[in-house]
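Peer 1: Predicted model and sequence follow; I will ask about them next.
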Amino acid sequence: MSPAKKKTAAKKKTPAKKKTAAKKKTPAKKKTAAKKKAPVEKAAPEAKPLPKEKSIVEEALERLPPLSKRIKKSSLLAIREKLLLRREDLAGTLGALESEHIGTHENRTTAGGDEADQANNAQTADISLRLAETGAKELQEIDAALAKIKDGSYGICEATGEPIGIPRLKYIPWIRLSVGAQEKVERNQLRYDETEGWVFP
């Protein structure tokens, strides 16, 4: 036999495999319940707005002939001219009253005067104020009449929707009511309400 075989070298020890740290078990994610979608509320169909109630004058305009057929052009031009002249007159008067009122007020505050003078000044101021209020109201009526000539609704009674007589329009061109409606106002059978217009109580 050949020389004794050297004992086979001890088996090489392979380095022991490091034990990997035991994997931590992560708790399984809880499945979240599927979120329920809130039911979508359907918008209620929009209510159609009620048709605007027509005024008496608007209804009258639908049934009556146009302004050019109701009043002759020459008459309408004469009425318009009268309105413009009256408006100019009133504007001048109101301006003078305002100046007078300012002057009276200054006199009252600066000059002592006796009681009779003070009473006279107070009375003058009161009259001026009332005239100014009346004039301002008439000025509004004139402006309204001019606007009606422009839009074609001039000469229609605001309370009844009937045409106002031409002689009446020529006499008081800013008039809003027919003779019949005016008589009802005077007998308290017709009145003007700021929100409703002309009403029969």
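Peer 2: Cool, the structure landed.

Peer 1: neighbouring contacts of stretch 135-149?
Peer 2: 67, 76, 79-80, 83-84, 86-87, 90-91, 93-94, 97, 154-156, 173-174, 176 (CB atoms under 8 Å, 6 or more residues apart in numbering). The C-beta positions use only the backbone N, C-alpha and C, and glycine is treated the same way.

Peer 1: Now it: buried residues?
Peer 2: Buried residues in stretch 135-149, counted by 16 or more other CB atoms under 10 Å: G135, E138, L139, E141, I142, A145, L146, K148, I149.

Peer 1: remind me which residues of the chain are low pLDDT?
Peer 2: Applying pLDDT under 70 to the chain flags residues 1-52, 101-113, 117.

Peer 1: ranges for the strands of the chain?
Peer 2: 191-193, 197-199 (DSSP state E).

Peer 1: Name the strands paired with the first one and say parallel or antiparallel.
Peer 2: The reference is to strand 191-193. Applying DSSP bridges, strand 191-193 is found paired with strand 197-199 (antiparallel).

Peer 1: buried set for the strand it pairs with?
Peer 2: Applying 16+ other CB under 10 Å to strand 197-199 flags W198 as buried.

Peer 1: Check the burial of G165 by counting its neighbours.
Peer 2: Under the neighbour criterion other CB atoms under 10 Å, G165 is assigned a count of 14.

Peer 1: Now do the contacts for it.
Peer 2: Per CB under 8 Å, 6+ apart, neighbours of G165: S178, V179.

Peer 1: Distance of L84 relative to G135?
Peer 2: To G135, L84 is 16 Å away according to CB to CB, to the nearest Å.

Peer 1: Double-check R70 against L64; I have them as touching.
Peer 2: Yes - the criterion here is CB atoms under 8 Å, and R70 meets it with L64 at 6.6 Å.

Peer 1: shared neighbours, these two?
Peer 2: Counting by CB under 8 Å, 6+ apart, the contacts common to R70 and L64 are P163.

Peer 1: Show me the helices in this protein, by range?
Peer 2: 56-63, 67-70, 73-110, 115-151, 166-171, 179-186 (DSSP state H).
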